[in-house]
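> build me a model:
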Amino acid sequence: MPVRVTLDVMLARRKRRAREVAAEIGISETQLSLLRTGKVRGMRFDTLSKLCLVLDCRPGDILDYDLDPADLDQAID
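I've put the predicted structure just below:
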C-alpha cells in the first residue's frame, strides 16, 4: 500500500512516549502500537486530529505517500 504511517518518526522528533500520547488522546497502547507499525487498514479522522493536536503537527507529518507507477496503473484499470 502506498500510504505509510510515520508516527514513530514524529514521536521521536517530539521526544514523546507512545504510552503518554495514547493516554492523552484516549486510545489503548495496543491500538497506538498498531498505528505506529502500520498494521491497521485505516484511521479515524478524529484519532488523526487528536494525534496532530498532541504532537503539534499536520497529518502529512505522520502519513506518507509513496507513489509507485504500478499502483497507478492498477488504479486506472
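
> quick one: low-confidence residue ranges for the chain.
Within the chain, the stretches with pLDDT under 70 are 1, 71-77.

> could you export the longest helix along it as CSV, CA atoms only?
Longest helix of the chain, by residue count under DSSP state H: helix 45-55. Written as CSV, here are the backbone C-alpha positions of helix 45-55 (Å, rounded to 0.1, in the frame of the first residue of the first chain):
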residue,chain,number,x,y,z
PHE,A,45,-10.1,11.4,11.3
ASP,A,46,-10.9,12.0,15.0
THR,A,47,-7.9,10.0,16.0
LEU,A,48,-5.7,11.6,13.4
SER,A,49,-6.9,15.1,14.6
LYS,A,50,-6.1,14.3,18.2
LEU,A,51,-2.6,12.9,17.3
CYS,A,52,-1.9,16.1,15.4
LEU,A,53,-3.1,18.3,18.3
VAL,A,54,-1.0,16.4,20.9
LEU,A,55,2.1,16.2,18.7
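
> just the strands in this structure please.
Secondary structure of the chain, counting by DSSP state E: strands at 3-5, 63-65.

> let's have these in a markdown table, adding mean neighbour count and distance to Cys52.
To be clear about C-beta, it is placed using only N, CA and C from the backbone, and glycine gets the same treatment. Putting these into a markdown table (neighbours: other C-beta atoms under 10 Å; distance: least, C-beta to C-beta, whole Å) gives the following:
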| stretch | mean neighbour count | distance to Cys52 |
| --- | --- | --- |
| strand 3-5 | 14 | 13 |
| strand 63-65 | 12 | 10 |
